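> structure, please.
(2 chains)
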Amino acid sequence: MKKFSILLFVFLLLSFLSCLAKENSPSALVLTAKGEIILKRGDNNQRIESGTPLYSGDELISKEQSIAAIRFVDSGAIIKLFSNSILTINTEKKVRKLDKKIYLEIGDVWSKVKREKGAYQIETPTSVATVKGTDFFTNVKEDGTTTVVTLSGIVELRTDIGAKTITKGKTGIAKKNKVPTITDTKPKQIKPEIKKEIEKGNLNILEIELEDENGELKKLRIYYK
Amino acid sequence: MKKAFFVYFCAILWLTSIITSIMLQADELPQLNHIPPESIEKAKSFYVELNVFSGLDQIKEVYLFYKKANLGYIQIEMLNGSEMNPYYKAEIPGDFIDQRIEYYFRIHLINGEEFTLPKNDAMNNPYQVELKPVIIKSTVSAFKKLSPTDEFNFTTRDFLVAISYFAIEDEIEGKTIKLFFDGMDVSGYATITSNLLVYKPDRIIPGIHTIEIIIYNNDGSVYDSQKWIVEVKSEKITQKLPISVNGDFYAVSRFRSTSAQDSSYYYDEQNDWKNFGRLNLYGSKDWFRYNGRIYLSSDESKTRQPVNRYAFEMHIPHFSMHLGDHTQTFNNTTINGKNVRGISGVFDYGIIKLHSFYGQIKRNIKGRDEIIYGVDTTSVPYDTVPVDTTIIEGSYKRNCFGLRLQLGNERKLAFGLAFLKVKDDVSSEKFATNPKDNIIFSIDSKLALFRQKLVFGAEISTSILNNDISTGAISEQDLDTLDVELPFTPSSVEDIFVINEHMVPLIPSLNSIAGEIYTRAFFYNNLLNIRYSYVGGSYNSLANPYLQKDIAGINISNTYRLLNNQLSLTAGYNSYQDNLNDNKFGTTNSKGFYCSMNYFPLVKDVYLPCVNINYQQSTRKKSVADTSYSEYSIDQFNNTIGFSTSYEMPTTRYAKTRFSISISNSNSVDNEKKSFDSNSQNYLFSINSNFNDIPLSSKFSIGYMKTEDKPKIIENADTDSQRTYIDKTSNDYLSFSFREEYSFIPDKLNTYFDYHLLNYGGDEKQTKNCFTLGGNHKFNLFRTETYISGELAYLLYKNSTLAERNYNQTEFRLKISQKF
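As a prediction, the model looks like this:
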């Protein structure tokens, strides 16, 4: 029985260590970083630059005139973090997918998510925005008011009280202890300088399948903004 | 490691050396060799190479004819070879390649003769090369390139390589991960984590770069790998022109110096310097596009047809215009890929399309009166005096006008009506004879069903040709003597066509008609082509001089693809006959049959050999009933069987190696006259190795050809003692080449050494040794790609039988190209 207990202990210890080891894998990568963006990892603070790997639990604090583009290792999502924002990355690997939970404490984030990859949600002090394959913008004000602008696809915005679905062209606003409200997106809903950055690399892809005379299927991809 | 590399290197040499048993043939024509590649890649230029084993100095020019599907052949002149580089080269542009390509060569000799490769009915039985099927991956790629992408990190300022192997993170624990950037192992400079690899080069230059990640198992074998090609752009801001201007140009200079005895062919041409270059410009603005091209060569001479090319074309919606040299095509029987120097335009309004052109297909070459001098032996001392004159004949300027109206949609149902007129400008040259006039009318149609899977087409053309218009239109009195009645006077239509006694045909008949009907069906991975063509003996198109006349027949080919296009089975049959008007001593029947099997295993990580097996048979028979003309009888038979295979060994830690073997056997028999009964065999073996740890690639190839002609009797006398007996003849050629290429910067700075040996057996023992040293460098000048290459070659020719023919040559070649 004693031996069994020791073996069980060793097994559990190894499993625990193994889980820890897995946690050491990067979750995302900083593609570009402008301005001053601080990475808080445990007790360490450092400035990020392009090529910096990010791990689950990492917190990013962007200062004035700063912007960073971050891609997750499963290539399932890309985000842009704008100035004066605080964001924490949390991920969990599930088989060959990576579930992503972003905590946006304050500030602006634009997200582009691939449908077939793992789950993706942005949590704010007042709400949770969950998506499956979309392109949307999130802003959190100091009082926690969260604004979600859906640029394509569908986003579900949930508060403690209720949830609303935000389709393309709509804007959802969530406040603490209130059901989210939906309005048409106004032209200046997103600040022009942020909109410019979002549109900079935001290419849409139109894929057309063609069949040649030999019966082979070919794909024609047209990139457009 | 060094020891293993050495062992590997020796193994390759040893394998090379054991391949020596071979044989093949020769006749009096230049000996040429061409082995089609296993496959070509879509949208990637195909460089066609024709090797010359002997008789390079007999060749005037070589043309490559290529086509796809049922399109007509496009003709291009191949880049002339030299003794140093005994082959001809041409490029089939990548933008043309989206399916199987068919091609053949037409070789023009200095003595005026010409022949084709393949030799038998090349137009209908051309070489065929399949498109490489899309690689079927056994699994979804384990790697994700996070950076660079089209959106991020692609400029010189923020370039970053990031590869994720997140999906196989658990499977690669303990394995070695290597990153190669431009072929260099940069793993030591990269941040490698359990699921991610990041590399930031200190400095990056704009242009094309390669990224390769390889994961090795513990035993050194490759677990998985992937390669990407990325383009890094400069961040500098450029001033934009109102219209885009892109293009490239290249210039080649070649100098050759020969040292030979005064009896040698090369003695009179000790130094030979040739230069040629091309400028290509293209651009667009909104709905406007343009393209310009200039090709200049030092071979250009007023005494021959132009080599230089000048072309400019522009396109706006519904209209295109071409100025200068442009290849014109209506259909197969009128004009098909002929260069016309002039102006042309195409109006295309969907269901109505009008195409017309006017220009020269031949230019005027000046002839002259030349005085022949003799020696006056009556004078003291002897004097040189004019004794006679001779005419050096020139040629007329040949103008061509074409008009074609098409109604309907080419993808569904279309009808075309074409008119073509070709006429020599009599006033352009006084030292030329037999100016010609030619008119052609043509109708064609096409019906495509089931999204073009089933296509029917037909065309019919009729022509009249006047072989000599120098005397003008025939008078009405002379017309009566020809027993021809016309509803108009010949002189009244002289501006349209010159009617006189030199017309072919004098009276239009079925014999002055050419046409074809064809069908193409593609269902269930089976492509069937059937084509019947008829060209009467009196049908002439001066704009399509290679169209064989007085011939009719059928051509059937069928290709069936299996295993996701990895396996293709092809079979074809053709049968043609001449003497359509029954005006020859007999009718020649030509029949051919061919079949081939191609296998391209393209499953990732499964290493199987590529295999090609082909068989071709052709016969030519002509029976002459009248025994007094029995000399015109023909009974010839030819068959060729070929086998080729290549195998790429699984990538080892040391090298990626591909072995290729090609064997063919050909028999040709003249059963009627017994003038030949030859057997030729061709063996080729090659090894290509690309080493991993050093940027070195090696290529060895060894080929042996032998031709054997059995003893024969020439039936030139009645009695046995008077007959000519020819003993068995045998010729053989051994070729060996060895090439080492070392890349200081892969794809950017390369050097190579090349050794080529040609050993000719038979009656005249000859040996050619050629050593070549070269290098090339690709770099960015003016922020766009610049390429410079230089090559120094030395050739030593030794003739053991006729020592006076010995010579040696030194050649230097420089090429500069620039994109902008």
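
> make it CA atoms for all contacts and neighbour counts henceforth
Noted.

> can you name the residues bridging to B:Gly457?
Here B:Gly457 sits in beta bridges with B:Lys446, B:Tyr518, as judged by DSSP bridges.

> and for it, the neighbour number?
By other Cα atoms under 10 Å in any protein chain shown, 19 other residues sit near B:Gly457.

> packing partners of the longest strand along chain A?
As assigned by DSSP state E, the longest strand anywhere in chain A is strand A:97-113. For strand A:97-113, the packing partners by 3 or more Cα pairs under 8 Å, 6 or more residues apart in numbering or on different chains; DSSP states H and E come out as strand A:77-81, strand A:86-94, strand A:120-123, strand A:135-140.

> let me know the secondary structure of A:Val149.
Following DSSP: H, G, I helix; E, B strand; the rest coil, we place A:Val149 in the strand state.

> that one: neighbour count?
Residues near A:Val149, counting by other Cα under 10 Å, number 27.

> what does B:Thr627 give?
10.

> quick check: it vs chain A, distance?
52 Å (Cα to the nearest Cα, to the nearest Å).

> same check on B:Gln360?
Taking Cα to the nearest Cα as the measure, B:Gln360 falls 36 Å from chain A.

> ok, now which ones touch that residue?
When contacts are counted by Cα atoms under 8 Å, 6 or more residues apart in numbering or on different chains, B:Gln360 touches B:340-342, B:397-400.

> need the three-state assignment for it.
For B:Gln360, the assignment made with three-state DSSP gives strand.

> tell me what it is bridged to.
B:Gln360 has the following beta-bridge partners by DSSP bridges: B:Arg341, B:Asn399.

> next SSE after the worst-scoring helix or strand of chain B on mean pLDDT?
Scoring the helices and strands of chain B by mean pLDDT, DSSP states H and E places strand B:23-24 at the bottom, with a mean of 30. Following strand B:23-24 in sequence order, the next helix or strand is strand B:31-33 (DSSP states H and E).

> show me what counts as buried in that next one.
For strand B:31-33, burial by neighbour count (16 or more other Cα atoms under 10 Å in any protein chain shown) applies to B:32-33.

> which secondary structure elements does it contact?
Using 3+ Cα pairs under 8 Å, 6+ apart: strand B:31-33 touches strand B:46-54.

> helices or strands up against the strand it packs on?
strand B:31-33, strand B:87-92.

> who touches B:Lys362 in this structure?
B:305, B:396-399.

> and if you look at B:Pro306?
Contacts of B:Pro306 by Cα under 8 Å, 6+ apart are B:300, B:363.

> give me the pLDDT for it.
Note for B:Pro306: predicted pLDDT of 90.

> same check on B:Phe5?
48.

> what does B:Gln25 give?
34.

> and the pLDDT for residue 118?
Just so you know, I chose chain A. 79.

> ah, I was thinking of chain B
At B:Pro118, pLDDT is 77.

> my read: it touches B:Pro126, true?
Yes. Counting by Cα atoms under 8 Å, B:Pro126 is a contact partner of B:Pro118 at 6.5 Å.

> what's the spacing between B:Ser817 and B:Asn776?
Spatial separation of B:Ser817 from B:Asn776 under the definition Cα to Cα, to the nearest Å is 11 Å.

> between the two, which contacts overlap?
Shared contacts of B:Ser817 and B:Asn776 (Cα under 8 Å, 6+ apart): B:787-788.

> B:Gly703 contacts B:Phe736, doesn't it?
Yes. Judged on Cα under 8 Å, B:Gly703 makes contact with B:Phe736 at a distance of 6.3 Å.

> the more surrounded of those two?
Higher neighbour count among B:Gly703 and B:Phe736: B:Gly703, with 23 against 20, using other Cα under 10 Å.

> double-check that the more buried one belongs to a helix.
No. B:Gly703 is assigned strand when assessed by three-state DSSP, not a helix.

> point me to the residue of the stretch 451-600 of chain B nearest chain A.
B:Lys453 (6.5 Å; Cα to the nearest Cα).

> apart from its chain neighbours, what residue comes closest to that residue?
Spatially, and ignoring its direct neighbours in sequence, B:Lys453 is nearest to B:Phe522 (5.0 Å; Cα to Cα, 6 or more residues apart in numbering or on different chains).

> ok, what's across the strand from that neighbour?
According to DSSP bridges, the partner residues bridging B:Phe522 are B:Leu527.

> tally of neighbours for it?
Counted with other Cα under 10 Å, residues neighbouring B:Phe522 total 20.

> equivalent analysis for B:Phe255, please.
Neighbour tally, B:Phe255, other Cα under 10 Å: 15.

> quick one, what contacts A:Ile38?
A:45-48, A:60-62.

> any idea which helix or strand carries it?
A:Ile38 is part of strand A:37-41 when elements are defined by DSSP H and E.

> for that strand, buried residues please.
In strand A:37-41, counting by 16+ other Cα under 10 Å, buried: A:37-40.
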